[in-house]
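Colleague: predicted structure and sequence below. I'll ask about it afterward.
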Amino acid sequence: MSEPKFTTDYNLILEKVAEINPVEYAKTRNFIDGAVSHLSPYISRGVISLKQVKQEASNKGLEPYQIEKFLQELAWREYYQRIWQVRGDAIWNDLRQPQPDVLHNKMVKAVVEARTNITAIDAGINKLYESGYMHNHVRMYVASIVCNIGKAYWLQPSKWLYYNLLDGDVASNNASWQWVAAAFSDKKYYFNQENLNKYTGSDQRNTFMDKSYEDVATMEIPDVLLETIDLKLETILPETEKPTIDTSKPTIIYNSYNLDPQWRKDEDANRILLLEPSHFSKYPVSERVIQFVIDLSKNIPGIQVFVGEISELVTFYDGSELNIEKAIISKNHVAFKHYPGIKDDYEWMFPEVTGEYSSFFKYWKRCKAYL
Ligand SMILES: Cc1cc2nc3c(=O)[nH]c(=O)nc-3n(C[C@H](O)[C@H](O)[C@H](O)COP(=O)(O)OP(=O)(O)OC[C@H]3O[C@@H](n4cnc5c(N)ncnc54)[C@H](O)[C@@H]3O)c2cc1C
């Protein structure tokens, strides 16, 4: 399968939203060449909302049962966002219980270098480096190899994946790694070569995963996974000019989690894509991700890219008649709580269902009442 290409043209993105096929999706989503939507980079970057995607799926004239699986998967994302809202920075800790059976806090070197010798896994990692995307099932396989077979603590590996993903989202990423590693679920997620072959179209045999599930769960760490690496992930940000701000008007702030071209689009305002070094030192991403974010921002007319802190933007309004609480406008987001000013609500899929639920299925049951 060729790598998915992620356009940054807004009209083409909307075409991709229109192309979703919930019926095929439900049948094939676990296969790496299945009819998945590839919309996550746009959802995570806030170009489109879950509400918008849900609306599109609902307008296809299908029966409710035919779109339910797709809506349920969208809801997984919102479920994790709600957890992040409640937990804040505690999303960086074990969410439910300590990860069992941990040997080290580093990353497995063979995974970073795509040389586990399991062809479909190595191909999935290389695709990640080439495209910034990895299929959900491959993410689960990789996380299981790293945390459950290689016995790494989930934190550093999750940062490695986040760094490389165009759709990198702290809530979905951290919680999913923890789900695989049983820090956010009752048991570790395991697979074997037979399962991997089925979903990746591979026919490889005699690998360290070519065992029964029971043997996979109890085997010694294979030699190839023993070597570890301590990753030092850094974000390289471009140099930018000081922006031109007309301080008689408010400034609308966009960032790597909000690049919605429709939001407040008819307002007379300054528009800034704010790339804060402090944010990216806490959440490092690759140069590819930064370029993707900058390219997506080009859908917003008049936007200026500014690498700097919100506090520097605020000083532009010193002596201005506009009160800073009205001058800065952003979308409410847990990673950008430190912005001052007006914060618009995110377009939730299920605005009525707030807070943290002890399981996705309890959460989904509640959501279904609003479908
Ligand atoms: C270890 C691991 C790490 C992950 N890290 C991220 C991440 O950083 N960012 C991210 O957006 N997703 C993450 N996911 C979830 C999921 O893999 C991706 O959302 C999905 O693969 C994106 O591809 P798609 O748009 O084709 O999804 P589709 O299957 O077409 O689903 C449509 C949308 O529903 C949402 N969705 C679907 N499945 C999930 C799921 N399991 N969890 C959360 N949301 C889901 C996504 O927004 C996705 O775009 C992770 C999963 C695992 C197992």
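Modeller: Thanks, I have the structure now.

Colleague: all strands for the stretch 151-300 of the chain, in order.
Modeller: Listed in chain order, the strands of the stretch 151-300 of the chain (DSSP state E, counting those that start in this stretch) span 228-229, 251-254, 270-275.

Colleague: can you list those in JSON lines and add mean neighbour count and mean pLDDT?
Modeller: Where C-beta positions appear, they are placed from N, C-alpha and C, glycine not excepted. Listed next are the strands of the stretch 151-300 of the chain as JSON lines, based on neighbours: other Cβ atoms under 10 Å; pLDDT from 0 to 100:
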{"stretch": "strand 228-229", "mean neighbour count": "16", "mean pLDDT": "98"}
{"stretch": "strand 251-254", "mean neighbour count": "24", "mean pLDDT": "98"}
{"stretch": "strand 270-275", "mean neighbour count": "23", "mean pLDDT": "98"}
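
Colleague: dump the ones you listed to CSV, plus distance to the ligand.
Modeller: Rendered in CSV, the data for the strands of the stretch 151-300 of the chain read as follows (distance: least, Cβ to the nearest ligand atom, whole Å):
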stretch, distance to the ligand
strand 228-229, 18
strand 251-254, 19
strand 270-275, 19
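
Colleague: now those strands in a markdown table, with distance to Tyr213?
Modeller: Conversion of those to a markdown table gives the following (distance: least, Cβ to Cβ, whole Å):
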| stretch | distance to Tyr213 |
| --- | --- |
| strand 228-229 | 26 |
| strand 251-254 | 46 |
| strand 270-275 | 45 |
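
Colleague: per-residue pLDDT of the spatially closest residue to Asn148 that is not a sequence neighbour, please?
Modeller: Spatial nearest neighbour of Asn148, chain neighbours left out: Lys188 (4.6 Å); criterion: Cβ to Cβ, 6 or more residues apart in numbering. Per-residue pLDDT puts Lys188 at 98.

Colleague: what sits against Tyr199?
Modeller: For Tyr199, the contacting residues are 30-32, 137, by Cβ atoms under 8 Å, 6 or more residues apart in numbering.

Colleague: what subset of those is also close to the ligand?
Modeller: The overlap between the contacts of Tyr199 and the neighbourhood of the ligand (criterion: Cβ under 6 Å from any ligand atom) is empty.

Colleague: for those residues, which one is nearest the ligand?
Modeller: If you rank these by distance to the ligand using Cβ to the nearest ligand atom, His137 comes first, at 8.1 Å.

Colleague: tell me which element the closest one falls in.
Modeller: For His137, the element it lies in under DSSP states H and E is helix 136-143.

Colleague: export that helix as PDB, just CAs?
Modeller: Presented in PDB, the C-alpha positions along helix 136-143 are these (Å, rounded to 0.1, in the frame of the first residue of the first chain):
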ATOM      1  CA  ASN A 136      -4.400   2.400  14.300                       C
ATOM      2  CA  HIS A 137      -3.800  -1.300  14.300                       C
ATOM      3  CA  VAL A 138      -0.100  -0.900  13.600                       C
ATOM      4  CA  ARG A 139       0.100   1.700  16.400                       C
ATOM      5  CA  MET A 140      -1.300  -0.900  18.700                       C
ATOM      6  CA  TYR A 141       1.100  -3.600  17.500                       C
ATOM      7  CA  VAL A 142       4.100  -1.200  17.900                       C
ATOM      8  CA  ALA A 143       3.000  -0.100  21.400                       C
END
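
Colleague: what residues does that helix touch?
Modeller: Helix 136-143 is touched from outside by 29-32, 36, 111, 120-121, 124-125, 134, 154, 157-158, 161, 176-177, 180-181, 189, 191, 196, 199-200, with contacts defined as Cβ under 8 Å, 6+ apart.

Colleague: ok, Leu155 to Ile229 distance?
Modeller: According to Cβ to Cβ, to the nearest Å, Leu155 stands 14 Å off from Ile229.

Colleague: now for Ile83: which residues touch it?
Modeller: Residues near Ile83 by Cβ under 8 Å, 6+ apart: 91, 95, 171, 175, 356.

Colleague: top of those residues by number of neighbours, please.
Modeller: Of all the contacts of Ile83, the highest neighbour tally under other Cβ atoms under 10 Å goes to Ala175, namely 26 neighbours.

Colleague: what does the chain put close to the ligand?
Modeller: 29, 36-40, 43-44, 73-74, 76-77, 80, 136, 139-140, 143, 161-162, 165, 167-169, 172-173, 176-177, 180.

Colleague: please pick the buried ones from these.
Modeller: 29, 36-40, 43-44, 73-74, 76-77, 80, 136, 139-140, 143, 161-162, 165, 167-169, 172-173, 176-177, 180 (16 or more other Cβ atoms under 10 Å).

Colleague: would you mind writing the CA trace of the longest helix along the chain as PDB?
Modeller: For the chain, the longest helix by residue count, based on DSSP state H, is helix 64-87. What follows is helix 64-87 as a C-alpha-only set of coordinates in PDB (Å, rounded to 0.1, in the frame of the first residue of the first chain):
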ATOM      1  CA  PRO A  64     -28.200   4.700  12.200                       C
ATOM      2  CA  TYR A  65     -26.800   1.200  12.700                       C
ATOM      3  CA  GLN A  66     -24.700   1.600   9.500                       C
ATOM      4  CA  ILE A  67     -22.900   4.700  10.800                       C
ATOM      5  CA  GLU A  68     -22.600   3.700  14.500                       C
ATOM      6  CA  LYS A  69     -19.200   2.100  14.300                       C
ATOM      7  CA  PHE A  70     -17.700   5.200  12.600                       C
ATOM      8  CA  LEU A  71     -19.300   7.600  15.100                       C
ATOM      9  CA  GLN A  72     -18.100   5.400  17.900                       C
ATOM     10  CA  GLU A  73     -14.500   5.700  16.700                       C
ATOM     11  CA  LEU A  74     -14.900   9.400  16.500                       C
ATOM     12  CA  ALA A  75     -16.200   9.400  20.000                       C
ATOM     13  CA  TRP A  76     -13.000   7.600  21.300                       C
ATOM     14  CA  ARG A  77     -11.200  10.800  20.500                       C
ATOM     15  CA  GLU A  78     -13.700  13.000  22.400                       C
ATOM     16  CA  TYR A  79     -13.600  10.500  25.300                       C
ATOM     17  CA  TYR A  80      -9.900  11.100  25.600                       C
ATOM     18  CA  GLN A  81     -10.200  14.900  25.200                       C
ATOM     19  CA  ARG A  82     -12.600  14.900  28.100                       C
ATOM     20  CA  ILE A  83     -10.100  13.000  30.200                       C
ATOM     21  CA  TRP A  84      -7.400  15.500  29.300                       C
ATOM     22  CA  GLN A  85      -9.700  18.300  30.300                       C
ATOM     23  CA  VAL A  86     -10.300  16.700  33.700                       C
ATOM     24  CA  ARG A  87      -6.800  15.500  34.400                       C
END
